[in-house]
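S.K.: For reference, the sequence and a predicted model appear below.
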Amino acid sequence: MCCNTKEKIALAVKELMRQKSIRKITVQDIMEETGMKRQSFYYHFQDLYAVIEWICCKELMEEVDVDGDITFEEWLRKLMETMEADRAFYKKLANEIEWKQMADRTKAIVAEQVDRFLSASGEMKGIRSEERAFMVDFFSTSIIYYLLDFITSNKNMTTEERSKQIAVAVRTLGKFKFSNGMSAAKA
């Protein structure tokens, strides 16, 4: 199996995370696991947390196509399914790394996707830039913290149950009139 250096490092980090606490993983451990030299690590990553961020971005954002014909509901469902598929990894992250730190490192990526969906909805016309920034920030933060809570909870939902809950949440969000600064709900 041929992988690039970043992927080899990421696989090594995931394997080491199965064996020990994140705080106890060193760059030396990672590079011993890959069989590569230490310089290779620093050529690609600043630290362990940069590797973890890269893994999350690659798995959660690149794997979930938002440039295609995908709805917000489908995007959120795919994110949750991807996390569920590697629940042990994401649960370990959520349990060992401060949620705020994780949110800060992933917010820009999630915000980009949220902004695309809000723009595509057509509800952003006439919205002041400050209001738009607030909505993107609000929804991005909410999604990140919900996903962290989802992965750490011991709720075992079927794909169908999860899909129904996401559909209800999206329908409920659709009842708000964004053009009035979200101040009034539709009847």
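M.R.: Alright, I've got the coordinates.
S.K.: Check what pLDDT G181 gets.
M.R.: What the model reports for G181 is a pLDDT of 49.
S.K.: in this structure, what secondary structure element scores lowest on mean pLDDT?
M.R.: helix 159-173 (a mean of 81; mean pLDDT, DSSP states H and E).
S.K.: from the chain's centre, how far out does that one sit?
M.R.: 18 Å (Cα atoms, centre = their mean, to the nearest Å).
S.K.: who touches C57 in this structure?
M.R.: Contacts here follow Cβ atoms under 8 Å, 6 or more residues apart in numbering; on that basis C57 touches 106, 109. Placement of C-beta: from N, CA and C, glycine included.
S.K.: same thing with the one 4 residues further on?
M.R.: Taking Cβ under 8 Å, 6+ apart as the criterion, M61 is in contact with 109-110, 113.
S.K.: Show me the contact partners of the least confident helix or strand of the chain.
M.R.: Contacts for helix 159-173 (Cβ under 8 Å, 6+ apart): 71-73, 76-77, 80-81, 157.
S.K.: go on, stretch 135-147?
M.R.: So stretch 135-147 is contacted by 76, 79-80, 83, 99, 102-103, 106-107, 110-111, 114-115, 118, 127, 178, 182 (Cβ under 8 Å, 6+ apart).
S.K.: How about stretch 87-106?
M.R.: 14, 17-18, 21-23, 49, 52-53, 55-57, 60, 83, 141, 144-145, 148, 151-152.
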